[in-house]
Each structure stands twice: as C-alpha cells, then as structure tokens.
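**Student:** here is a sequence with its predicted model. Questions after.
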Amino acid sequence: MTANSVNYDRCATDYEQRYSKQSYSKVRSALLSLAHKPGIQRLLEVGCGTGHWLRELQRASLSTLGVDPSIRMLKEARLRDPGAHVACARAEELPLADCIFDFVFCVNAFHHFEQPASFVSEARRVLRQGGRLAIIGLDPHESGTVWYLYKYFAGTYERDLKRYKPQREIARMLGDAGFADTTTRQVEHLSRTFANAEVLNDPFLRKDSTSQLSLLPDSDYVASLQRIHDTIHEAKGKEGPTLFRIELSLSMVSGRVR
C-alpha cells in the first residue's frame, strides 16, 4: 500500500452510508443507459467496493461480476447481497479470460488505481468486440471546481491534482489502448452550500468518509477541523454568514472496442 492508498478495509463497515446522503441519481441513469442496451449480457465493475452499483444495475438477464482489492469491502458486498458475484483482484491484473464482457465500468475508483493505463488495457482485453468501457469520476482540474475541504484541509487539493487524471488524459489512454468512439461528458453536478455551523453536520467531514481526508495524518485532520471551528466562531456577530461551498462535477469517459 502506497502513501496515497486508502485502507478501505478499515472503513468498509460504514462505507455505504455515503449513498444515504448522496444518491448519485444521474450517475445511476448514465450507467443504466449503457448497461441495459440490447445485447448487453455480462458486465464487470472494477473497484466495486461494497457492491452498490452492481445492485443498482441488476436485472434478470444480466450477469454481473465485481472485483476489488479490499477483502472487507467484498465481505460487505456479500452481506448486502448474498448472491453477489465478487472477487478480490487488482484493476491492473484482472484474473479473467479474454473477450468475455460486454460492459466494464468503474465509479469513483479510477484515481485509486496504481497503474491506470494498465487497467484500461486490461479492460480492453476482457471486453468483446463492440463492448464498452466507462470511467466515471471527479476531475479537480476542471474550472469551477469548489470544495470547502480543499480550502480548509491543507494539501488535499494538491494531492487530488496528482491522483486524478484530467478527462482528456483518460480519453487519450482509451485511444492508446485501442478504444474507438471515445466520448467525455458530465453526468452529475453536486452543489451544496452550508452556512456557518451547518457544515459540521456534513457527513463527508468525517475523516473516514472520503479519501481526501482519510489520507491525512490524524494530527493534520484535527488541526484543519479546528480551523473550521475557529472560522465558525469568528463569524459570530458578523454581518452575513460564512459559507462552505461544494461545486463538484462527475464526468464519464467512455469508449467502444473496435
């Protein structure tokens, strides 16, 4: 595990709570539009975690498989769906035969892969002719990105600029691996503003709720959280509230096997 790797075994039990706070309904719609196309029979999610998206895409005629390197995340997936087909594997080394899937996807996982280009090549290998790969995630390089975490938790933005590939670079990876008809589009915009102490109720302010905070040393997290408390305290008696804003876009880069 590298310095930029999140220990998802540690946060597996509480991971699903994020979906009770943020539905990602448009991400769901984008995936459904691809997964439920005529002829789609077998799909693979890479970085499936607790299996949330596999459950969202289930239908009687669809065969699904999820892979993830975290044993405890996979255990949670089986607890939520005892019939789930999941396996422990790294994105860069899929223990799967060639040309067996119609659709491969990952959601908010691509930035965790140690060798993203290797994953794209592996996805190309396991896809049948005409099959499609979809990569959905945040691009902090995009203009208009605002997240109060980046302001108050030192180093999180700079780290994300290194961890997350720009959309154009992901699209280039797909082209280099032999994908055609590559497209990029925004699938969901997350917008919220907290005023003053409201921000303290944001579930994503917990250290284990996001990789941005999980990667911080405990001392840095505590010190940065205190900055938020101090800002709230200093705002008392001032005219107008102190605002903590979130403006984040999730984009999908996809391509088809020639």
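**Tutor:** Ah, there it is. Keep in mind it's a predicted model, so treat the numbers as computed, not measured.
**Student:** which residue would you name as the spatial centre of the protein?
**Tutor:** Centroid check for the chain by Cα atoms, centre = their mean gives residue 108 as the closest residue, at 1.0 Å.
**Student:** find the nearest non-adjacent residue to that one, please.
**Tutor:** Using Cβ to Cβ, 6 or more residues apart in numbering and skipping residues adjacent in sequence, the residue nearest residue 108 is residue 137, 5.3 Å away. C-beta: built from backbone N, CA, C; applies to glycine.
**Student:** do residue 98 as well
**Tutor:** Closest to residue 98 by Cβ to Cβ, 6+ apart is residue 125, at 5.5 Å.
**Student:** give me the mean pLDDT for the helix or strand where that neighbour lies.
**Tutor:** Secondary structure assigned from DSSP states H and E places residue 125 in helix 116-126. On average, the pLDDT along helix 116-126 is 98.
**Student:** secondary structure class for the nearest residue to residue 250 once chain neighbours are set aside?
**Tutor:** Excluding the flanking residues, the one nearest residue 250 by Cβ to Cβ, 6+ apart is residue 188, at 4.5 Å. When classified by DSSP: H, G, I helix; E, B strand; the rest coil, residue 188 comes out as strand.
**Student:** wait, residue 188 touches residue 27, no?
**Tutor:** Yes: applying Cβ atoms under 8 Å, one finds residue 188 in contact with residue 27, separated by 5.2 Å.
**Student:** who touches both of those two?
**Tutor:** Common contact partners of residue 188 and residue 27 (Cβ atoms under 8 Å, 6 or more residues apart in numbering): residue 250.
**Student:** in the stretch 101-250 of the chain, which spans are helices?
**Tutor:** 116-126, 148-152, 156-163, 167-176, 211-214, 218-235 (DSSP state H, counting those that start in this stretch).
**Student:** before we move on, the earlier item: contacting residues for the residue nearest to the centre of the chain?
**Tutor:** 47, 136, 137, 138, 250.
**Student:** what does residue 194 give?
**Tutor:** Here residue 194 is in contact with 148, 201, 202, 243, 244, 245 (Cβ under 8 Å, 6+ apart).
**Student:** what ranges in the stretch 1-150 of the chain fall below the confidence cut-off?
**Tutor:** Confidence mapping of the stretch 1-150 of the chain against pLDDT under 70 gives the ranges 1-4, 60.
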